[in-house]
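Student: Pasting the sequence and the predicted model now:
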Amino acid sequence: MKEITSLLKIKEDFLMSTRTDLLKLLSENTGIYLSGQKIGEELKVSRNAIWKAMQQLREEGYNIESKPSTGYRLKSKTNMLTVDAVAGDLAFPCDLQIFDTVDSTNNVAKELPLKDKPMMVIANKQTGGRGRLGRSFASPAGTGLYLTIALQPEFDLDKALYVTMAAAVDVCRAIETVAGVKTKIKWVNDLFYNNKKICGILTEAQTNFENGKIDSLIIGIGVNCFPGSFPEELSGIAGCLSQKKNSFSRGRLAAEIFNETVTVLEDLQSKAFLREYRTKCFVLGKNILVHPNLSDNAIKARAIDIDENGGLVVEYLEGRKARQMETLTTGEVSIKLDV
């Protein structure tokens, strides 16, 4: 009985791999017919395996056309968030969990058990997306990428601040690779494009109070990819990466974000990402409004630098602190550009 189960598992894994490789090949040649022989040679599988994988992709909603004596083609680019659309571009082992709708990918990640590899939870829509300081994050269906990366880090809780900043750099890199767009960072966790917010990052940690170690690190990332139905109050604030829907693959973007995150976190303690963070942080050298302790009272200041601990160094321009320097840390302030 165990031998039968094992054989079935091997067969299932083989079909999954073939399906993933086939989708990647068809996506790379969207609109172009590929013969069964060519596909078989590229993937090194039989015609029968190709046919079975093709049927599964069609059942999942992929628009694949077949033409006698010509072959198969993916008629148009797809942006469905499926395991196949993501897995083919992953560079590291990943426990991939994909849902159509969840309240929050961070919440889902907290509920699922972490295995011996990082987990990535992806959703097409969030009904209760959250940002920093408890703010809501609009997450309409089909237009954004909402994901959470969960892992067991090898560093202590005091390094957690760096994670949000490193994640901002990771997402900038991934967006440029996949969408060809250069984004900027607003200290500490927002990404902007064309002067509008297109991404928010929320980092949370589940800790062991006995040893001070992090049991699990939860990195939530929401990216506005294409035009969507944002609430009216966000119409002048929220933007998107491309005005043309499906101009790039959300699945590939998810994979690139995961790859960049794992790569940078492996070398987090070197703080190598800080130099790139500084160059991408658009508030440096600008006049800003600082809200101490998150109050409504704003103090004018100038953003000078980001120190080695990730703090924002400012010089106050008014009030009793005028001409004084101070280093602000995440959680104690909210900043706005003084325009």
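Tutor: Great, that's in hand.

Student: Show me what secondary structure element comes after the lowest-mean-pLDDT helix or strand in the chain.
Tutor: In the chain, the helix or strand scored least confidently by mean pLDDT, DSSP states H and E is helix 2-28, which has a mean of 63. Using DSSP states H and E, the helix or strand that follows helix 2-28 towards the C-terminus is helix 36-43.

Student: And the next helix or strand past the one helix or strand Tyr162 maps to?
Tutor: Secondary-structure element containing Tyr162, defined by DSSP H and E: helix 160-179. Using DSSP H and E, the helix or strand that follows helix 160-179 in sequence is strand 184-186.

Student: so how far is that following strand off the chain centroid?
Tutor: 15 Å (CA atoms, centre = their mean, to the nearest Å).

Student: Stretch 87-99 now?
Tutor: Worked out by CA atoms, centre = their mean, stretch 87-99 lies 12 Å from the chain centre.

Student: Now do the end-to-end distance for it.
Tutor: End-to-end distance of stretch 87-99 (CA to CA, to the nearest Å): 15 Å.

Student: which parts of the helix holding Tyr162 are buried?
Tutor: Burial within helix 160-179, assessed by neighbour count using 16 or more other CB atoms under 10 Å, is assigned to 160-175, 177-179. In short, each C-beta sits where N, CA and C put it, glycine included.

Student: tally of neighbours for Gly45?
Tutor: In this structure residue 45 is Val, not Gly. Around Val45 there are 19 other residues, counting by other CB atoms under 10 Å.

Student: what's the nearest residue to it if we skip its chain neighbours?
Tutor: Nearest non-adjacent residue to Val45, counting by CB to CB, 6 or more residues apart in numbering: Thr18, 5.4 Å away.

Student: I'd like to know how far that neighbour sits from Glu42.
Tutor: 11 Å (CB to CB, to the nearest Å).

Student: Neighbour count: the two, which is higher?
Tutor: A direct count of neighbours by other CB under 10 Å for Thr18 and Glu42 places Thr18 higher, at 20 against 12.

Student: got a list of what the more buried one touches?
Tutor: Contacts for Thr18 (CB atoms under 8 Å, 6 or more residues apart in numbering) come out as 43, 45, 49-50, 52-53.

Student: how about TSV for these, with pLDDT added?
Tutor: Shown next, in TSV, are those (pLDDT from 0 to 100):
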residue	pLDDT
Leu43	93
Val45	92
Ala49	90
Ile50	91
Lys52	89
Ala53	88
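
Student: of those residues, closest to Phe209?
Tutor: Of all these, Ala53 has the smallest distance to Phe209: 48.4 Å, by CB to CB.

Student: At which residues are the strands of the stretch 201-339 of the chain located?
Tutor: Using DSSP state E, counting those that start in this stretch, the strands of the stretch 201-339 of the chain run over 213-224, 287-292, 299-306, 312-316, 325-328, 333-337.

Student: and the shortest one, average pLDDT?
Tutor: Confidence for strand 325-328, expressed as mean pLDDT, is 95.

Student: which helices and strands does that strand pack with?
Tutor: If contacts are counted by 3 or more CB pairs under 8 Å, 6 or more residues apart in numbering; DSSP states H and E, strand 325-328 sits against strand 312-316.

Student: The strand it packs on - which strands sit beside it in the sheet, and in what orientation?
Tutor: According to DSSP bridges, strand 312-316 has the following sheet partners: strand 299-306 (antiparallel), strand 325-328 (antiparallel).

Student: Of those, flag the one that's most buried.
Tutor: strand 299-306 (a mean of 19; mean count of other CB atoms under 10 Å).

Student: Next, the angle from that one to strand 287-292.
Tutor: Using axes from the mean of the first three to the mean of the last three CA atoms, to 10 degrees, the inter-axis angle of strand 299-306 relative to strand 287-292 is 100 degrees.

Student: Please work out which residues outside strand 299-306 touch it.
Tutor: Contact with strand 299-306 is made by 187, 274, 277-278, 281, 283-292, 312-319, 321, 325, 335, 338, as judged by CB under 8 Å, 6+ apart.

Student: that older thread, identify whichever of the strands paired with strand 312-316 lies nearest to Gln206.
Tutor: strand 325-328 (26.3 Å).

Student: Quick check, pLDDT for Ser247.
Tutor: The per-residue pLDDT reported for Ser247 equals 89.

Student: For stretch 110-123, list every residue counted as buried.
Tutor: Buried residues in stretch 110-123, defined by neighbour count with 16+ other CB under 10 Å: 110, 114, 118-123.

Student: Check stretch 257-267 too.
Tutor: Buried residues in stretch 257-267, counting neighbours by 16+ other CB under 10 Å, are found at 257-262, 264-265.

Student: In helices, which of the residues you listed fall?
Tutor: 257-262, 264-265 (DSSP state H).

Student: Export those as JSON lines, with columns for distance to Ile221.
Tutor: As requested, those are exported to JSON lines (distance: CB to CB, whole Å):
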{"residue": "Ile257", "distance to Ile221": "6"}
{"residue": "Phe258", "distance to Ile221": "10"}
{"residue": "Asn259", "distance to Ile221": "13"}
{"residue": "Glu260", "distance to Ile221": "11"}
{"residue": "Thr261", "distance to Ile221": "9"}
{"residue": "Val262", "distance to Ile221": "13"}
{"residue": "Val264", "distance to Ile221": "13"}
{"residue": "Leu265", "distance to Ile221": "13"}
